[in-house]
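> with the sequence up front, the predicted model follows.
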Amino acid sequence: MPTYRELLQRVKSEISEVDARDVQERNGAVLVDVRERDEWEEGHIPGAVHIPRGNLESRIENAVPDRSSKVVLYCASGARSAFGAKALGELGYEDVSSLAGGFTDWKRNGYEVQLPRSLSPERRTRYSRHLLIPEVGEAGQLKLLDTSILLIGAGGLGSPASLYLAAAGVGRIGIVDADIVDETNLQRQIAHSLDTLGTPKVDSAKRTIEALNPDVEVVPYRERLTSENIDRILGDGWDLIVDGADNFPTRYLVNDASVWHDVPVVHGSIYRFEGQVTVFKPGDGPCYRCLFPEPPPAELAPSCAEGGVLGVLPGIVGSLQTNEAIKLAIGIGDTLVGRLLLFDALSTEFSEVRIDRNPDCPVCGEHPTITEYIDYVEFCAR
Ligand SMILES: [Zn+2]
């Protein structure tokens, strides 16, 4: 068995290395910083894209779709990027190299460094109650402003989630929803109002968010999520999905996509007085199919027509989802990964069930049997 040092030397002999001056000249190369997020935030090479080493294989295709592109990886010292360069070579990237000496050597040469930003006075005022919490602070607020969150649904769960995410200063919020606002929505869907009856929910939610916080860019998708559009929508680059879907077909699509695109999902569901929340983080805890490998037979499944629900319940569950999303975005606290939180509004009781990854899961297990999206359309045909 080789030692780490021997392995590193062997890998370095198998890849191409460049020095800081080559990177300075760039020559059209895509520069990828593979360090962790806190290292990136303390300063990085201008124009680089950030993909932590742990996500490199799963995210590189979105960042660099063309495998013949020139790619240069760097880390702090040139070791992580060497292993990364070897992995990209194995993925079929033809022109990959690693910056020898890494960011340390780049700085030593006196080349330009993009330093951490700070908040403008207006933003310091707006987010002052976040800045007063040491765990969030300016660094945490900047992370929120840099975070992109995709909301599935602008209904009961999506309404409170969109408003609190926007108020918190999440910089980019995508909203997927094909529906139009109607009177029955207003009992709980607080992103909409009498003023927006008859308009698409995505436009109504966008209006409400923009009136609340101009820092937020809203990306509306006025379409129903299907196997046909899900890769395109996820290709727009989302750090996190907040799933407020009210039906099985969408839930399974979101799950499978999240595993394949390596994007965590904050899951929520509601029925009458009962709510559930958890976080499905690929590679770190179960996915939805670990718990429910297939949808229930159509005759046992609740129909896709909306069931009854106490109006405030989605407010509670959607807010709990937002709490998870904000913690994941900033990287603080303990999340609901591996824990299913249950809420009973009638008794006002919370309980929690531990949920484990299933090695036989058809999507995230050791031998996946589902490798393409499935539209479970029969559920909604009734
Ligand atoms: Zn799974």
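That came through fine. Residues are numbered from 1 along each chain as shown.

> distance of the residue of the stretch 1-150 of the chain found nearest the ion from Gly283?
Nearest residue of the stretch 1-150 of the chain to the ion (C-beta to the ion) works out as Ser58 at 15.4 Å. Heads up, the C-betas are built off the backbone N, CA and C, glycines and all. Separation of Ser58 from Gly283 (C-beta to C-beta, to the nearest Å) stands at 9 Å.

> so what sits against both of these two?
With contacts taken as C-beta atoms under 8 Å, 6 or more residues apart in numbering, Ser58 and Gly283 have Asp262 as neighbours in common.

> these two - which one has more neighbours?
Higher neighbour count among Ser58 and Gly283: Ser58, with 16 against 13, using other C-beta atoms under 10 Å.

> nearest residue to the residue of the stretch 1-150 of the chain closest to the ion other than its sequence neighbours?
Asp262 (3.8 Å; C-beta to C-beta, 6 or more residues apart in numbering).

> cool, Val219 as well?
Gly174 (4.2 Å).

> for the one you found, give its distance to the ion.
24 Å (C-beta to the ion, to the nearest Å).

> one more: Leu328?
On the measure of C-beta to the ion, Leu328 and the ion end up 19 Å apart.

> quick one: average confidence on the host helix or strand of that residue?
If you go by DSSP states H and E, Leu328 is part of helix 313-330. For helix 313-330, the mean pLDDT works out to 98.

> what's it packed up against?
helix 137-146, helix 158-168, strand 240-243, strand 265-271, strand 274-280, strand 339-344 (3 or more C-beta pairs under 8 Å, 6 or more residues apart in numbering; DSSP states H and E).

> nearest to the ion, out of the ones you listed?
strand 274-280 (8.0 Å).

> now that closest one against strand 339-344, angle please.
170 degrees (axes from the mean of the first three to the mean of the last three C-alpha atoms, to 10 degrees).

> tell me the helix or strand right after strand 274-280.
Next along the chain after strand 274-280, taking DSSP H and E as the criterion, comes helix 288-291.

> for that following helix, give me every contacting residue.
251-252, 254-256, 265, 267, 280, 340, 355-358, 361-365, 370.

> how about stretch 70-90?
Contacts for stretch 70-90 (C-beta under 8 Å, 6+ apart): 8, 11-12, 14-18, 22-23, 27-35, 39, 45, 48, 53, 56-57, 60, 64, 93, 95-106.

> tell me how many other residues crowd the closest residue in space to Pro116 that isn't next to it in sequence.
Computed as C-beta to C-beta, 6+ apart, the closest residue to Pro116 that is not its neighbour in sequence is Glu41, at 5.7 Å. Neighbour count for Glu41, taken as other C-beta under 10 Å: 17.

> quick one, phi/psi of Glu41?
phi -70, psi -20 (degrees, to the nearest 10).

> residue contacts, it?
Contacts of Glu41 by C-beta under 8 Å, 6+ apart are 116, 139, 142-143.

> let's see 10 Å
By C-beta atoms under 10 Å, 6 or more residues apart in numbering, the contact set of Glu41 is 35, 50, 115-117, 139, 142-143, 146.

> show the buried residues in those.
Among the contacts of Glu41, the ones that count as buried by 16 or more other C-beta atoms under 10 Å are 35, 50, 142-143, 146.

> of the contacts of stretch 70-90, buried ones?
8, 11-12, 15, 17-18, 23, 29-35, 39, 45, 48, 53, 56, 60, 64, 93, 96-103, 105-106.

> now do the helices in the stretch 1-150 of the chain.
4-14, 20-25, 37-41, 56-63, 80-90, 102-108, 121-126, 128-131, 137-146 (DSSP state H, counting those that start in this stretch).

> mind giving me a markdown table with the ones you listed and columns for distance to Leu73 and mean pLDDT?
Formatted as a markdown table, those follow (distance: least, C-beta to C-beta, whole Å; pLDDT from 0 to 100):
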| stretch | distance to Leu73 | mean pLDDT |
| --- | --- | --- |
| helix 4-14 | 12 | 95 |
| helix 20-25 | 10 | 90 |
| helix 37-41 | 13 | 86 |
| helix 56-63 | 8 | 92 |
| helix 80-90 | 4 | 97 |
| helix 102-108 | 10 | 95 |
| helix 121-126 | 33 | 95 |
| helix 128-131 | 34 | 96 |
| helix 137-146 | 21 | 94 |
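
> no further questions, thank you.
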